[in-house]
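Colleague: what would the 3D arrangement of this be:
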Amino acid sequence: MLKVLLALQHPDPSIPPLLQNYQVDALPKGKTAEELLAENSYHLIFHDGDIDSIDALRVVDPRAEIIILGHNKEEALEAIQRGAAAYFTPPVEIERLKEIISRIHDMVEMRRETGELEKLLVAKYNFSGVISRNPLMLEIFSLVRRIAPYFKTALITGETGTGKEVIAKALHASSPWAKHPFMVCNCGALVENLIESELFGHQKGAFTGADRDKVGLFEAAGDGTLFLDEIGEMPLSFQPHLLRVLQNGEFRRLGSNKASTARCRIIAATNRNLEQDVKEGRFREDLFFRITPLVIKIPPLRDRKDDLPLLSKALLDKFIQRTAKKVFGISRPAQGLLLAYNWPGNVRELESVLEQAAMLTTESFIRVDDLPAHLKTSKTEQPVPLSLGAVEKKHVETVLLQCQGNRTRASKILGISRRSLIRKIEKFGVK
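Modeller: Prediction:
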């Protein structure tokens, strides 16, 4: 329903009958329209003050439509340029006003339906907290669902900030053991001489300062999942101990001769190239093969910019729920900057940027001025002009990559026969 604020010092008796089907509030004494708009949301505001009030009201909520009831026809054009929906001088043209109110009502309904659709999209493309509609990510969601009931060990790879831990939690949440613990070990943050105690636990008196028994993460995880983040940073000296647990499921607390059995599943994650680390002797080859029966590779945000609108909305909603600050969205110019930027820090950087902008903005929409300087000064690479054949080849390669080489699926997406696709593969030399 249309919410209307009558901020009129000199009420016009012809207006209330036009608003009888809507929710109407009159401006109480001692309050300004700006103050009331900051406390409540209104779709339409009738105002008979100076046209400078348009700027003040639009700063509070740029979504509100403003109709000015003035006495100077020469101000009408400037009022419209400043963002007013209409400017009327007495006597008010009732039919024209009725038409404008009806148009605003239809626009508000369209916004409401669009907002509901956005919520449905976020819910539809939300997989255990991971939001994406990108084909590469949807393939990952499908893979996670398929392996969740059966996996024992898995490796998640991807750049810093792509959400490896979130995918790990989604894998755990999709498994039959979702009600059991999900324990996290950041291998890069552990001191080398304490990593054995952290993972396996220790007995009282096992070393100086061990004044009580301690349960390690393998034991604490029970029948759940142990997430080994940054496994590529694990000291080479400890890797044989981890390999032994993965091979036969046994470990011993530090200072104990009693063997315990690890029942948990292992999900490891890294932003390193482990194959290169194996070649250079920084990671054991046998451990590498032990943790890679299943590999989930998360694409960087720059390769799935089609996710930016949904991700931005979800992250902004998360900030609003936490702080209750009225930030309704991101302006179009600011959205353009977000799309042009390559996001080296991935989703983590996007969340940081939006949180900072939402905190700093003095308006109800994030503007270009609210974004960090490096987003406004970053230079995007200019695309090199391609021939039509090169564009077609690139598109065929992209679709085949998304379909993991499945030519039948790729041909359906491209809208051609499988035989035609094979001819194009041969013609362009697509690998």
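Colleague: name the nearest residue to residue 151, ignoring sequence neighbours.
Modeller: Residue nearest to residue 151 in three dimensions, not counting chain neighbours: residue 294, with 5.8 Å by C-beta to C-beta, 6 or more residues apart in numbering. In this view, the C-beta of every residue, glycine as well, is placed from N, C-alpha and C.
Colleague: who's in contact with the closest residue to residue 341 other than its chain neighbours?
Modeller: Residue nearest to residue 341 in three dimensions, not counting chain neighbours: residue 375, with 5.2 Å by C-beta to C-beta, 6+ apart. Counting by C-beta atoms under 8 Å, 6 or more residues apart in numbering, residue 375 makes contact with 337-338, 341, 353.
Colleague: how about the strands in the stretch 251-400 of the chain?
Modeller: All strands of the stretch 251-400 of the chain, identified by DSSP state E, counting those that start in this stretch, fall at 259-261, 265-270, 295-297, 329-330, 365-366.
Colleague: most packed of the ones you listed?
Modeller: strand 265-270 (a mean of 25; mean count of other C-beta atoms under 10 Å).
Colleague: need the pLDDT of the closest residue to residue 367 other than its chain neighbours.
Modeller: Leaving out its chain neighbours, the residue that sits closest to residue 367 by C-beta to C-beta, 6+ apart is residue 331, at 5.1 Å. Listed pLDDT for residue 331 reads 85.
Colleague: same thing with the one 3 residues further on?
Modeller: In this prediction, residue 334 carries a pLDDT score of 89.
Colleague: domain map for this protein?
Modeller: The chain breaks down by automatic domain parsing into domains covering 3-120, 134-297, 304-377, 388-428.
Colleague: ok, residue 133 - contacts?
Modeller: 121, 124-125, 306-307, 310.
Colleague: so who does the residue most central in space within the chain touch?
Modeller: Nearest to the geometric centre of the chain sits residue 311, at 2.9 Å (C-alpha atoms, centre = their mean). Residues near residue 311 by C-beta under 8 Å, 6+ apart: 131-132, 347, 350.
Colleague: now for those residues, which pair is the farthest apart?
Modeller: Using C-beta to C-beta, those reach their maximum pairwise distance at 132 and 350, which is 12.7 Å.
Colleague: quick check, residue 66 in a strand?
Modeller: Yes: counting by DSSP: H, G, I helix; E, B strand; the rest coil, residue 66 is part of a strand.
Colleague: quick one: contacts for it?
Modeller: With C-beta under 8 Å, 6+ apart, residue 66 has these contacts: 44-45, 47, 54, 57-58, 83-85.
Colleague: list of residues touching whichever strand or helix holds residue 79?
Modeller: Taking DSSP states H and E as the definition, one finds residue 79 inside helix 76-81. Under the contact criterion C-beta under 8 Å, 6+ apart, helix 76-81 has outside partners 51, 54, 68, 70, 86-87, 89.
Colleague: can you name the element that comes right after it?
Modeller: For helix 76-81, the succeeding helix or strand toward the C-terminus, using DSSP H and E, is strand 86-88.
Colleague: could you list every helix and strand in contact with that next one?
Modeller: Here strand 86-88 touches strand 65-69, helix 76-81, helix 94-124, going by 3 or more C-beta pairs under 8 Å, 6 or more residues apart in numbering; DSSP states H and E.
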